[in-house]
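**Student:** Here is a sequence together with a model predicted from it:
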Amino acid sequence: MKIGMILDAPFPTDPRVTNEAKVLKNSGHEVFLFCLSFKNKFITNEIIEGINVVRFHCDWLTYKLSALAYTFPFYKWIMSKKIKKFINNYKIDVLHVHDIQIASSVYSANSKTQLDIVLDLHENRPEIMKYYKHVNSFLGKLLISPLKWKNAEEKYCKISNSVVVVTELAKKELIERIKIDKKKVIVFSNSVSKSFYSRIKFDQQILKKYSKYFVLLYLGNTSERRGLMTVLKSVPKIIKTVPNFKFVVVGSSSFDNELLKMSKTLNILKYIDFEGWKNESLFPSYIKASNLAISPLLPNLHHHTTYANKIFQYMSLGCPLLCSDVEAQKSLLNTHKSGLLFKAGDSEDLIKIFFKLYLNKDLRNKLSTNCIDAIKNHLNNDIISKNLVNYYNE
């Protein structure tokens, strides 16, 4: 079967897209990935890890219009033409749409071909966009309506042949809200492929850089809702007992200036390394160099029903977790005993749980073993992909 995946972003960037495409390719299907390039000169067609990558040019203005996808039809008109060409040129059998943003474009492009459509919801976009900086700007409040996005999500979930979500909690929420058949909803978690944690060549400079520190690691987007302010507020008390403490942040966002300002106010800059975005190939080295890894998400409907990729990346290399108690993280840690929880947004509780781990090396070692066991036997991409693969095979 020729599966046409639709991604309105450059590739490779998203590990979820790569993981899904690889397991479907490995199960005998041909995967053709429609994606974008913002450069004038780019490789139109190439094969990456067995995935047939097909790039279409997209200027920045058009891409910015995607924020208005459910306010004005311009983005839909532009993208649907490209998707029609992709469908016809590669004789696609079924369409797999990555997230709601481009869903209207796909349905418009598919109006004549009438191919089956799988809608893959990477997150609860209507809910989480309420926290986006551009949505909360003056123009954003005038032009972007999360309610319209929510209505669009519900519409396309109902008319899609199937819907893919990130967690069982997300499936439960979607079924209760939209009243669709539970058999129609497939769970595919944001896990890791075996290649992420096997046959690794560690960066010795990173390992040496942090060899004398007790390292707490954060990977990924640093926006306000991710909860890093909670961590920063805990550092002044931690360093009184742990002078070799280092909080390493690998990632960035438009919120970074606020994080930097808070670090200066608290006089803790020497204990924080803001590393910025790094190539994913370096993630294992940062994890290997760390004693604990954190996901301090603040509570909201989206965070209660989704997993961050970073959690599985941490676990795959045996780094014990320190996580806020949003529902999805709470369920995962309680099931696999891979770390300890603190009250979301509560820096005092974070400090208490941090020291429980810091002072008990045997506990950290036990959690590390549990992390590796969970990924190896329950949570790696080969295992969690079975429902998605079975759907396409049937």
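**Tutor:** Ah, there it is.
**Student:** mind listing the helices in the stretch 51-200 of the chain by residue range?
**Tutor:** Listed in chain order, the helices of the stretch 51-200 of the chain (DSSP state H, counting those that start in this stretch) span 60-64, 74-89, 103-109, 125-128, 138-143, 146-159, 168-178, 194-197.
**Student:** Setting aside sequence neighbours, what's the nearest residue to H378?
**Tutor:** H336 (7.0 Å; C-beta to C-beta, 6 or more residues apart in numbering). Heads up, the C-betas are built off the backbone N, CA and C, glycines and all.
**Student:** meant to ask about Y197, not that
**Tutor:** Excluding the flanking residues, the one nearest Y197 by C-beta to C-beta, 6+ apart is S316, at 3.8 Å.
**Student:** got a list of what that neighbour touches?
**Tutor:** 192, 196-197, 371-372, 375, 380 (C-beta atoms under 8 Å, 6 or more residues apart in numbering).
**Student:** what does L266 give?
**Tutor:** 232-233, 235-236 are the contacts of L266 under C-beta under 8 Å, 6+ apart.
**Student:** any idea how far it lies from V231?
**Tutor:** Distance of L266 to V231, computed by C-beta to C-beta, to the nearest Å: 11 Å.
**Student:** can you check F255 too?
**Tutor:** For F255, the distance to V231 (C-beta to C-beta) stands at 13 Å.
**Student:** In terms of neighbours, single out the busier of the two.
**Tutor:** Set F255 next to V231 and count neighbours by other C-beta atoms under 10 Å: V231 wins out with 23 against 17.
**Student:** Quick one, grab the pLDDT at that one.
**Tutor:** V231 carries a pLDDT score of 98 in this model.
**Student:** secondary structure element for it?
**Tutor:** Using DSSP states H and E, V231 falls within helix 228-241.
**Student:** From the contact counts, what lies against the following helix or strand past that helix?
**Tutor:** Going down the chain from helix 228-241, the next helix or strand is strand 245-250, by DSSP H and E. Helices and strands touching strand 245-250, by 3 or more C-beta pairs under 8 Å, 6 or more residues apart in numbering; DSSP states H and E, are strand 214-219, helix 228-241, strand 272-274, helix 283-288.
**Student:** Between those, which one is closest to E173.
**Tutor:** Of all those, helix 228-241 sits nearest to E173, with 24.7 Å by C-beta to C-beta.
**Student:** Domain boundaries for the chain, per the record?
**Tutor:** 2-188, 195-379 (automatic domain parsing).
**Student:** Among the ones you listed, which comes closest to Y392?
**Tutor:** Across these, closest to Y392 is domain 2-188 (C-beta to C-beta), at 6.0 Å.
**Student:** Quick one: end-to-end length of the closest one, please.
**Tutor:** End-to-end distance for domain 2-188: 20 Å, by C-alpha to C-alpha, to the nearest Å.
**Student:** what's the spacing between it and its chain's center?
**Tutor:** Distance of domain 2-188 from the chain centroid (C-alpha atoms, centre = their mean, to the nearest Å) equals 14 Å.
**Student:** One more: stretch 379-394?
**Tutor:** With C-alpha atoms, centre = their mean, you get 19 Å for stretch 379-394.
**Student:** next one: stretch 300-314
**Tutor:** 7 Å.
**Student:** And stretch 369-382, by the same measure?
**Tutor:** 18 Å.
**Student:** What's the end-to-end length of that stretch?
**Tutor:** 20 Å.
**Student:** what does stretch 340-347 give?
**Tutor:** So stretch 340-347: terminal residues 14 Å apart, C-alpha to C-alpha.
**Student:** Over to stretch 56-70?
**Tutor:** 22 Å.
**Student:** Report the buried residues of it.
**Tutor:** By 16 or more other C-beta atoms under 10 Å, the buried positions in stretch 56-70 come out as 56, 58, 62-63, 65-70.
**Student:** ok, now stretch 280-299?
**Tutor:** For stretch 280-299, a neighbour-count test (16+ other C-beta under 10 Å) marks 283-299 as buried.
**Student:** need the helices and strands packed on strand 245-250 in JSON lines with distance to D203, can you?
**Tutor:** Output for the helices and strands packed on strand 245-250, formatted as JSON lines (distance: least, C-beta to C-beta, whole Å):
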{"stretch": "strand 214-219", "distance to D203": "14"}
{"stretch": "helix 228-241", "distance to D203": "24"}
{"stretch": "strand 272-274", "distance to D203": "15"}
{"stretch": "helix 283-288", "distance to D203": "4"}
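**Student:** Now the nearest residue to C58 once chain neighbours are set aside: phi and psi?
**Tutor:** Nearest non-adjacent residue to C58, counting by C-beta to C-beta, 6+ apart: L36, 4.2 Å away. Dihedral angles of L36 (phi, psi; degrees, to the nearest 10) stand at phi -110, psi 160.
**Student:** Secondary structure element for L259, which one?
**Tutor:** Short version, using DSSP H and E: L259 is in helix 256-265.
**Student:** Let me know the angle separating that helix from helix 228-241.
**Tutor:** Relative orientation of helix 256-265 versus helix 228-241 (axes from the mean of the first three to the mean of the last three C-alpha atoms, to 10 degrees): 30 degrees.
**Student:** Pull the residues that contact helix 256-265.
**Tutor:** Outside helix 256-265, the residues that touch it by C-beta under 8 Å, 6+ apart are 222, 224, 228-229, 232-233, 249, 269, 272, 274.
**Student:** picking that back up, got the domains of the chain as TSV, with distance to Y391 columns?
**Tutor:** Conversion of these to TSV gives the following (distance: least, C-beta to C-beta, whole Å):
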stretch	distance to Y391
domain 2-188	6
domain 195-379	20
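**Student:** Could you count how many residues lie near I180?
**Tutor:** 17.
**Student:** contacting residues around it?
**Tutor:** I180 neighbours (C-beta under 8 Å, 6+ apart): 157-158, 163, 174.
**Student:** By neighbour count, which of those wins?
**Tutor:** When neighbours are counted by other C-beta under 10 Å, V163 leads the contacts of I180 with 24 neighbours.
**Student:** Next up, the contacts around that one.
**Tutor:** 118-121, 157, 174, 180, 184-186.
**Student:** if we can go back for a sec, and the helix holding L259, how far from the chain's centre?
**Tutor:** That offset, for helix 256-265, works out to 25 Å (C-alpha atoms, centre = their mean).
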